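J.: Need coordinates for the below:
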Amino acid sequence: MMGMKLTKENKQQLVNELQGYFELERSEEIGTLAAEQLLDFMIEQLGPFLYNHAMSDARKTVLERMQSLEDELYALEKPVLGGKR
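T.: Next up, the predicted model:
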């Protein structure tokens, strides 16, 4: 699986969020480089779990839609008269 790529703007926003979190919740300041490294680590470690969960959700949704489509197709079938021509 290829690594997740963030736009420069998205990465900067997340870095700012991490810095804000550390400042607010931990009363610590972390620099931009440290926040970027932490973000990269989190993406690397959490990414596969989040990706697999999203795939499971997508699979469930597709299966539900397929079942619904199958039901709709059965509803479209025409009745067959028993042997009469």
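J.: Can you show me the helices along this protein?
T.: Here the chain has its helices, by DSSP state H, at 8-26, 32-76.
J.: packing partners for the first one?
T.: Applying 3 or more CB pairs under 8 Å, 6 or more residues apart in numbering; DSSP states H and E, we find helix 8-26 packed against helix 32-76. Quick note: C-beta positions are derived from backbone N, CA and C, even for glycine.
J.: Please compute how far the helix it packs on lies from its chain's middle.
T.: Chain-centre distance of helix 32-76: 4 Å, with CA atoms, centre = their mean, to the nearest Å.
J.: what does stretch 5-19 give?
T.: Relative to the centre of its chain, stretch 5-19 is centred 18 Å away, using CA atoms, centre = their mean.
J.: Run through who's touching that stretch.
T.: Here stretch 5-19 makes contact (CB atoms under 8 Å, 6 or more residues apart in numbering) with 29-30, 32, 35-36, 38-39, 43.
J.: before we move on, back to that, nearest to residue 82, out of the helices of the chain?
T.: helix 32-76 (19.0 Å; CB to CB).
J.: and the closest one, what does it pack onto?
T.: By 3+ CB pairs under 8 Å, 6+ apart, helix 32-76 packs against helix 8-26.
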